[in-house]
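In: prediction below, plus the sequence it came from.
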Amino acid sequence: MRPLTKCKLNWMPVFIAAVCLVFSSAAFCGAAEKNYKIGGIFSVTGPASFLGDPEKKSMEMAVEQINNNGGIDGHMIEAVIYDTEGDPSKAVMSVSKLINRDRVLAIIGPSRTPTSLAVIPRVQQSEIPFISCAAGNKIVEPVKPWVFKTAQSDILAVASIYQHIKNQGMKALGIITVENAFGESGKEQLLDQAPEFGLQVVRSETFGGKDSDMTAQLTKIRKEGPDAIICWGTNPGPAVVAKNIDQLGIDIPLYQSHGVASPKFIELAGKAAEDILLPTGKILVADLLPESDPQKRVLTDYIKGYENRYDTSVSGFGGYAYDAVNLLAKALEGTGGDRGQIRKNLENIKGHVGVSGVFNFTPADHNGLDPDAFVMVRIKNGTWTLVK
Amino acid sequence: MQEVLQYIFSGITSGAIYAVIAVGFSMLYNSTELINFAHGEFVMLGALSFVTLSGPFQLPLMPAFILSVAGVALIGMLFERLAIRTVRNPNPIVLIIITVGASIFLKGVGMLIWGKDAHTMPPFSGHPPLDIAGAKLLAQSLWIVAILFITVAGLHLFYKKTLTGKAMEACAISQKAAWLTGIPSKFMVLLAFGLSTGMGAVAGVIISPITMSSYDMGTMLGLKGFCAAMLGGLGSLWGSVIGGLLLGILEALGVGLVSSGLKDATAFLLLLFILYVRPSGIIGSVEVERF
């Protein structure tokens, strides 16, 4: 026993010294580095990969473009990207890794609202600028000093739909929402904002994301005789709703959410998609926009860059990360890598023309977009057409 | 009144799907006393392979139907041969856990082959929905109900009138005794797996036009089918049919008359109630054993 104890006692200080040395040298290396490190966490795989995968690609593309133009104040940007798999606990772990090991200056992502909400306490506590790419309004409401977001909130989507409905002189609405975070948040906004536009929700129904038939809910809505139906969900449920409405012969306008704003929806709903109205970010209809639109040039540049680089058609979601990187790059200028200064700069960005809209951040608004970020489109002959 | 009729029509459509799935569960239980929790995944395989065969491969409906059902039945038999028969200690819990594992495996395979997106296809026939007293009945619903009754009647004849069918029933009563009388009991189990997973594929094929098929559609359908089988009486063909239709109609009425949020709850509460009153199901004759 004795030699072992002795051995332990002798080795302990050496071991501690070695550990100290390793850590201090790592810290030393970090300080000597010229690059600005920024972190990215996206659900690159898993159920929300349709969000995370284009976001990761867009972030890499934006970083490359900035570096090709000489970086920021002579510093190159280095992106460290982790996959959250859409899982909140993995997202929190990735954030800790980015803060403690990679020592990044700011974090972009995650892709989903639940993962974003999960990492916010950690971000706030570590005082690190954070730009989420998720849609949920709760991320920036109430405003948290270090938390920003680039995706359009559902508040704005509901406002665009209601404005359109009001212009048509319709009053009574039936709503049908999916039973998940996206649908619940949409339902809340739909019910909250209806009185502001002088509208009345006469019947509110829900459906399960995997249900094969919604005719019972729709029959119930029809009984109340609404002027229009609004469906809030992500594929494939809303396509089933569209088909069922067609089959039941319900002959009133159907509005869908921006959650189905992709060619996939038209493919799934087939001819039942005809005449459906929905709000969408401008990326989906970039080629239809008039030349006078301030976003036209940014959008075409982004789409061209993305399609050339990855050889796939552009997704409506990658733009959130692209905007986040560009906003961050703007905020990084002249800070020398001081986090507090970056945060302050972000909060004061005005008139940044991005893929998702024109950003005007203020201390009270960390999303910085207005309803103009959305346009209403109508599906005609299997493709989108702009409506005024 | 018109609404109630519409609820019932909706219920019959989803109920007939649950019934076809329940028949698959029942058949396997009948011959092997095994619950295959991967059954929902065979439904998914049937639906997606049918969508692929009739979509990108441009096969007419009938050959696509037969090919996908036969293909899935083959996978089911392979599953029995490779994963079930090779178990050294085949007690029910071990086998059930194997089926759960197979379900996860098949879901993963489905995701790799067909991706995460949902797929769709047009109905079997282009007829407009029928208008009955103001309520709409889809042509595809009629197809589903017709195929349900044709297959169940066929299976009924198979079990009651053919030697192979009777041999399968004998295996269910006692595998050892059946083996002693010269019945190749292992082959019968294999056949039962093929028939049951084939039924799963039939369910997948007939629902692919009315809903969206994706790699993760199987789990919920499997659960509903299992409920329907329990409701009607596990092991009984006609019990499964009644159980499935009842579950579907009650779900639709639950949505229509109570609340859409309580759709699944209404159905599962009813299941609990029926199992409390009649543990062996509505038509069940077999003693239900508790594991």
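Out: Alright, I've got the coordinates. As the structure is a prediction and not an experimental result, all values here were calculated from the model.

In: what ranges do the helices span in the chain?
Out: Using chain A here. With DSSP state H as the criterion, chain A has helices at A:2-32, A:49-68, A:88-100, A:113-126, A:154-167, A:181-193, A:215-223, A:237-248, A:263-269, A:296-310, A:319-332, A:339-347.

In: if you could check chain B rather than the one you did, that'd help
Out: B:2-32, B:39-54, B:61-79, B:92-114, B:139-161, B:163-173, B:175-180, B:185-207, B:218-232, B:237-253, B:263-277.

In: residues of the last one that come out buried?
Out: Along helix B:263-277, the positions that meet the burial threshold by neighbour count (16 or more other C-beta atoms under 10 Å in any protein chain shown) are B:263-264, B:266-267, B:270-271, B:274. Heads up, the C-betas are built off the backbone N, CA and C, glycines and all.

In: intersect these with the contacts of chain A.
Out: Applying C-beta under 8 Å from any C-beta of the partner chain, the subset of those adjacent to chain A comprises B:263-264.

In: and the buried residues of helix B:263-277, which two are the farthest apart?
Out: Spanning the widest gap among the buried residues of helix B:263-277 are B:Lys263 and B:Ile274, at 17.6 Å by C-beta to C-beta.

In: any idea of the mean pLDDT in stretch B:41-60?
Out: Across stretch B:41-60, pLDDT averages out at 91.

In: residues of that stretch that come out buried?
Out: Within stretch B:41-60, the residues scored as buried using 16+ other C-beta under 10 Å are B:41-54, B:59.

In: stretch A:62-71 now?
Out: Residues of stretch A:62-71 classed as buried: A:62-63, A:65-67, A:71 (neighbour count, 16+ other C-beta under 10 Å).

In: let me know the closest of the residues you listed to chain B.
Out: Checking the buried residues of stretch A:62-71 against chain B with C-beta to the nearest C-beta, the nearest one is A:Ala62 at 25.2 Å.

In: neighbours of the residue nearest to the closest one when sequence neighbours are not counted, just the number please.
Out: Once flanking residues are discounted, A:Ala62 sits nearest to A:Val325: 3.7 Å by C-beta to C-beta, 6 or more residues apart in numbering or on different chains. The local packing of A:Val325 (other C-beta atoms under 10 Å in any protein chain shown) involves 25 other residues.

In: check the one 4 residues further on too.
Out: Other residues near A:Ala329 come to 19 when the count uses other C-beta under 10 Å.

In: the helices of chain A: lowest mean pLDDT?
Out: Lowest mean pLDDT of the helices of chain A: helix A:2-32, a mean of 49.

In: leaving out chain neighbours, which residue sits closest to A:Ala216?
Out: B:Val255 (4.1 Å).

In: A:Ala273: what's it in contact with?
Out: Counting by C-beta atoms under 8 Å, 6 or more residues apart in numbering or on different chains, A:Ala273 touches A:239, A:242, A:265-266, A:379, A:382.

In: where in the stretch 151-291 of chain B is pLDDT low?
Out: Along the stretch 151-291 of chain B, the parts satisfying pLDDT under 70 run over B:284-291.

In: close to chain A: what parts of it are there?
Out: Within reach of chain A by C-beta under 8 Å from any C-beta, the stretch 151-291 of chain B has these residues: B:207, B:210-212, B:214, B:216-217, B:220, B:252-253, B:255-256, B:260-261, B:263-264.

In: near chain B, which residues of the stretch 101-250 of chain A?
Out: Checking the stretch 101-250 of chain A against chain B by C-beta under 8 Å from any C-beta, the hits are A:179, A:205-208, A:210-213, A:215-217, A:219-220, A:223, A:235-236, A:239-240, A:243, A:247-249.

In: among those residues, name the buried ones.
Out: For those, buried by 16+ other C-beta under 10 Å: A:179, A:205-208, A:210-213, A:215-217, A:219-220, A:235-236, A:239-240, A:243, A:247-248.

In: how much space is there between the nearest residue to A:Phe197 once chain neighbours are set aside and A:Asp293?
Out: Nearest residue to A:Phe197, sequence neighbours excluded (C-beta to C-beta, 6+ apart): A:Tyr162, at 4.2 Å. Counting by C-beta to C-beta, to the nearest Å, the gap from A:Tyr162 to A:Asp293 is 22 Å.

In: follow-up on the earlier one: mind putting the helices of chain A into CSV with distance to A:Ile229?
Out: What follows is those, written out as CSV (distance: least, C-beta to C-beta, whole Å):
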stretch, distance to A:Ile229
helix A:2-32, 56
helix A:49-68, 25
helix A:88-100, 33
helix A:113-126, 25
helix A:154-167, 11
helix A:181-193, 11
helix A:215-223, 6
helix A:237-248, 7
helix A:263-269, 14
helix A:296-310, 31
helix A:319-332, 29
helix A:339-347, 40
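
In: among the buried residues of stretch A:62-71, pick out the one closest to A:Leu190, please.
Out: If you rank those by distance to A:Leu190 using C-beta to C-beta, A:Ala62 comes first, at 33.7 Å.

In: so who does the closest one touch?
Out: A:321-322, A:325-326, A:329.

In: identify the farthest-apart pair in the residues you listed.
Out: The most widely separated members of these are A:Ala321 and A:Ala329, with 12.6 Å between them, by C-beta to C-beta.

In: I figured A:Asn367 hits A:Ser153, correct?
Out: Yes. The pair formed by A:Asn367 and A:Ser153 meets the contact definition of C-beta atoms under 8 Å, at 5.7 Å.

In: which residues do those two both contact?
Out: Joint contacts of A:Asn367 and A:Ser153 (C-beta under 8 Å, 6+ apart) are A:Val140.
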